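Q: Structure for this input, please:
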Amino acid sequence: MTKRETSAVRLIGAYYLATPLFWLLDIGLGLDLRAAFLDGAGARLSWYVLCTVLGVIAWRWPAAAPLIGLVESAINFFLLIAGIMLPIMLPGDDLSNWPGPWGILPFLLIGSVCIYSFHSAKRALVP
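A: From the prediction side, this is the model:
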């Protein structure tokens with residue numbers, strides 16, 4: 001692995017290992033950057049635990065980090081979009097859970113990780 005690939009892998013692993021900090025921001029400040037699509041506290045905690053486990057896997061097996069980042073962030077991004085769009089598209093639903101102006105932050109964070117992981121995985125596959 002080149003130095004650039006190693007730093008990309010470490011950055012992705014660090015992002016997932018920082019999940020407990022995202023959880024603290026979520027419960028402490030209500031700033032839900034990683035699990036914005038989940039409403040229940042149990043489901044959110046499960047997602048944070050899953051992401052932390054993925055971080056340990058990415059740290060232990062660095063070659064898996066780009067794929068882990070790509071798959072998790074793509075799923076997270078899809079669920080985030082669905083969580084925003086379904087209340088708008090379904091008749092009779094209210095918009096009480098509309099994220100407001102700060103709702104763009106999870107899109108920016110998760111989308112950036114998805115793009116970064118995609119390019120890291122691409123560099124790993126194409127020499």
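Q: C-alpha from now on. contacts and neighbour counts both.
A: Noted.
Q: How about the one helix or strand residue 88 maps to, which residues are buried there?
A: Residue 88 belongs to helix 65-89 when assigned by DSSP states H and E. Going by neighbour count (16 or more other Cα atoms under 10 Å), the buried part of helix 65-89 is 65-70, 72-74, 76-77, 79-80, 83-84, 87.
Q: same question, stretch 35-54
A: Neighbour counts using 16+ other Cα under 10 Å place 35-38, 44, 47-48, 51-52, 54 of stretch 35-54 among the buried residues.
Q: Check the offset of that stretch from the chain's centre.
A: 10 Å (Cα atoms, centre = their mean, to the nearest Å).
Q: which residues sit against that stretch?
A: Contacts to stretch 35-54, defined as Cα atoms under 8 Å, 6 or more residues apart in numbering, come from residues 16-20, 23, 34, 68, 76, 79-80, 82-84, 106.
Q: still on that earlier bit, neighbouring contacts of the helix holding residue 88?
A: With Cα under 8 Å, 6+ apart as the test, helix 65-89 has contacts from 9, 12-13, 34-37, 54, 57-59, 93-95, 98-99, 107, 110-111, 113-115, 117-118, 120-121.
Q: which sections of the protein are below the confidence cut-off?
A: By pLDDT under 70, the low-scoring segments of the chain are 1-5, 92-102, 125-127.
Q: cutoff 80 now
A: For the chain, applying pLDDT under 80 flags the ranges 1-9, 31-32, 35-41, 83-104, 121-127.
Q: can you give me the helices in it?
A: Applying DSSP state H to the chain gives helices spanning 3-17, 19-29, 41-60, 65-89, 104-125.
Q: Can you list the buried residues in the last one?
A: Think helix 104-125. 106-107, 110-111, 113-114, 116-118, 120-121, 124.
Q: Make JSON lines out of those and add distance to residue 30.
A: Listed next are the buried residues of helix 104-125 as JSON lines, based on distance: Cα to Cα, whole Å:
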{"residue": "106", "distance to residue 30": "13"}
{"residue": "107", "distance to residue 30": "16"}
{"residue": "110", "distance to residue 30": "17"}
{"residue": "111", "distance to residue 30": "20"}
{"residue": "113", "distance to residue 30": "21"}
{"residue": "114", "distance to residue 30": "23"}
{"residue": "116", "distance to residue 30": "26"}
{"residue": "117", "distance to residue 30": "27"}
{"residue": "118", "distance to residue 30": "29"}
{"residue": "120", "distance to residue 30": "31"}
{"residue": "121", "distance to residue 30": "32"}
{"residue": "124", "distance to residue 30": "37"}
